[in-house]
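[1] With the input below, show me the fold.
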Amino acid sequence: QVQLVESGGGLVQPGGSLRLSCAASGFTLDYYRIGWFRQAPGKEREGVSCISSSDGSTYYADSVKGRFTISRDNAKNTVYLQMNSLKPEDTAVYYCAAGSYEVVAWYQTYEYDYWGQGTQVTVSS
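    Numbering: from 1, shown residues only. Reported below is the predicted structural model:
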């Protein structure tokens with residue numbers, strides 16, 4: 001059974017940090033392009049970051065560039081999203097997703113085959 005499970009969300013003050021994890025079961029993550037998305041109440045799901053399967057290239061939305069870092073640990077079959085200098089506007093449910101081939105539009109939800117259930121991130125004082 002193919003499954004993605006996110007963890008690491010929570011409540012953090014502005015300027016703080018969190019590290020999200022995306023653990024896979026039923027398939028090997030390093031063969032897939034992995035994206036992180038987020039969805040705030042009343043807003044569409046948006047692409048945050050992506051790491052390719054072929055060469056480990058990374059991509060970021062402009063809103064998180066310089067603050068978030070995506071990485072993968074193939075031995076643990078896990079992808080991480082390190083989030084620093086968090087802002088209230090980063091508050092959302094964060095999802096990881098897996099896509100089976102490389103694409104240009106990594107930020108489009110339809111380019112992904114498998115999704116996790118999401119983890120809540122709340123940035124507030």
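
[2] quick one: the helices in the protein?
    In the chain, no helices are defined using DSSP state H.

[3] What are the buried residues along stretch 55-65?
    59-61, 64 (16 or more other CB atoms under 10 Å). Quick note: C-beta positions are derived from backbone N, CA and C, even for glycine.

[4] got it, and stretch 116-125?
    116, 118-119, 121, 123.

[5] Quick one: residues contacting the residue nearest the centre of the chain.
    By CA atoms, centre = their mean, the chain has its centre lying nearest to residue 36, at 2.2 Å. Contacts of residue 36 were listed using CB atoms under 8 Å, 6 or more residues apart in numbering, and they are 20, 22, 47-50, 70, 79, 81, 94-97.

[6] which of those residues are buried?
    Buried, going by 16+ other CB under 10 Å: 20, 22, 47-50, 70, 79, 81, 94-97, out of those.

[7] what's the spacing between the residue lying closest to residue 67 once chain neighbours are set aside and residue 79?
    Among residues not flanking residue 67 along the chain, residue 85 sits closest, at 4.7 Å (CB to CB, 6 or more residues apart in numbering). As judged by CB to CB, to the nearest Å, residue 85 and residue 79 stand 21 Å apart.

[8] Which strand residues bridge the nearest residue to residue 34 once chain neighbours are set aside?
    Of all residues not flanking residue 34 in the chain, residue 79 sits nearest, at 4.5 Å (CB to CB, 6+ apart). Note on residue 79: beta-bridge partners by DSSP bridges are residue 22, residue 72.

[9] For the chain, which segments are assigned as strands?
    Taking DSSP state E, the strands of the chain run over residues 3-7, 10-12, 18-25, 33-39, 46-51, 58-60, 68-73, 78-83, 92-99, 114-115, 119-123.

[10] For residue 64, give me its contacts.
    Residue 64 touches 48-49, 83, 90, counting by CB under 8 Å, 6+ apart.

[11] And residue 5, by the same measure?
    Shown in contact with residue 5 (CB under 8 Å, 6+ apart): 22-25, 116-117.
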